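Enquirer: Fold the following and give me the result.
(one chain, ligands or ions: 1)
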Amino acid sequence: WRTRLKAGLARTGDRLKEAANVFRAAPKIDEALYESLEGTLLASDVGTAATQRLIDELRRAVKSKRLEEASALEGELRSALTRLLTPLEKPLPDSPPRPWVILLAGVNGAGKTTTIAKLTRLFQSQGKSVLLAAGDTFRAAAREQLMAWGERHGVTVVAQDKGDSAAVIFDAVQSAKAKGIDVVLADTAGRLPTQMHLMEEIRKVKRVIAKADPSAPHETWLVLDANTGQNAVQQVKAFDEALQLTGLIVTKLDGTAKGGALAAIATERPIPVRFIGVGEKADDLRPFVAAEFVEALFS
Ligand code: GDP
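Expert: Purely as a prediction, here's the structure:
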């Protein structure tokens, strides 16, 4: 999976490697070098705020360590990026409440359904029982896909022919309580942050879940396609404002992803990255480790 992550981050990686080449080729550390680095970071979707922060850190390191060789900056940039991204690491609770209710949101095609399959596999491998709530009531196909998947893998799926998303998920939480299920994964329809009525609908889902269990949902995660690039921050902000997110799952980092966007998120809306998706298969889900991620960006 590391190879896949590395290959996927190639686009950003190439640009950042370009930065490394700039460092290697440059005779000395000067303003032209910082300018060139700024351009490289911006082209890697790092965003203006994070770019500024990284460059400020490099300037400080150069001063305090009296660095003269431009080649020393590559290591400094890696460390600065790792420091920037580390706050996005946040372990999940060791003994979550039961049922542990996780609400998943995201735009269409971000990878929610795939991620639900991956999370189910992960939690089952930890010996936890899982119940799925087919809360995407807009697309009948989504419900059927989830039901078929659940049947194949022996996972209970709570669905309704009619009934809105809130009703289905409410039911699922009640059912999980009655059955002593460990984890409820609640799917929801894909939506754009600009679709106000749909954003209101998912807020309602959250309110209704709390009626089934006042402490739920315990987690509200945005499934975010890594290819969203620069717009990722806007998306995270909009979903966070509507739902008070407790985590992100960043998918498709094995594709032509723009991994630099995580630096922008870390600076502008630091929601923990619970997992990253590095492929389409059920075990292509990894915890987010900043140092590993930076390593993959540069190699
Ligand atoms: P949803 O509309 O949010 O439920 O998205 P889906 O789960 O249906 O995923 C949309 C597409 O993205 C599918 O073709 C998935 O196989 C693909 N996909 C999801 N996660 C990943 C990932 O981490 N890597 C890759 N390469 N593809 C992914």
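
Enquirer: What would stretch 50-67 look like as CSV? C-alpha coordinates only.
Expert: Only the C-alpha atoms of stretch 50-67 are listed here, as CSV (Å, rounded to 0.1, in the frame of the first residue of the first chain):
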residue,chain,number,x,y,z
ALA,A,50,0.1,26.9,4.8
THR,A,51,2.7,27.9,2.2
GLN,A,52,3.4,31.1,4.1
ARG,A,53,3.7,29.2,7.4
LEU,A,54,6.1,26.6,5.8
ILE,A,55,8.3,29.3,4.3
ASP,A,56,8.3,31.2,7.6
GLU,A,57,9.5,28.1,9.3
LEU,A,58,12.2,27.5,6.8
ARG,A,59,13.4,31.1,7.2
ARG,A,60,13.5,30.6,11.0
ALA,A,61,15.4,27.4,10.7
VAL,A,62,17.9,28.9,8.3
LYS,A,63,18.5,31.7,10.8
SER,A,64,18.7,29.7,14.0
LYS,A,65,20.8,26.9,12.5
ARG,A,66,22.8,29.3,10.4
LEU,A,67,22.2,27.2,7.3
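
Enquirer: Any chance you could list what contacts it?
Expert: Applying C-beta atoms under 8 Å, 6 or more residues apart in numbering, the external contacts of stretch 50-67 come out as 29, 34, 37-38, 41-42, 46, 72-73, 76-77, 80-81, 83-84, 263-264, 266-268. Every C-beta, even on glycine, is put in place using the N, C-alpha and C of the backbone.

Enquirer: Got phi/psi on the closest residue to the ligand within the chain?
Expert: Going by C-beta to the nearest ligand atom, the ligand is nearest to G277 of the chain, at 2.6 Å. Dihedral pair for G277: phi -100, psi 130, per degrees, to the nearest 10.

Enquirer: where do the strands sit along the chain?
Expert: Under the criterion DSSP state E, strands of the chain are mapped to 100-105, 130-133, 156-158, 183-186, 219-225, 247-251, 273-277, 285-287.

Enquirer: Run me through the strand neighbours of the fourth one, direction for each.
Expert: Sheet neighbours of strand 183-186, with direction, are listed as strand 100-105 (parallel), strand 130-133 (parallel) (DSSP bridges).

Enquirer: Using CSV, lay out these together with mean neighbour count.
Expert: Shown next, in CSV, are those (neighbours: other C-beta atoms under 10 Å):
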stretch, mean neighbour count
strand 100-105, 26
strand 130-133, 26
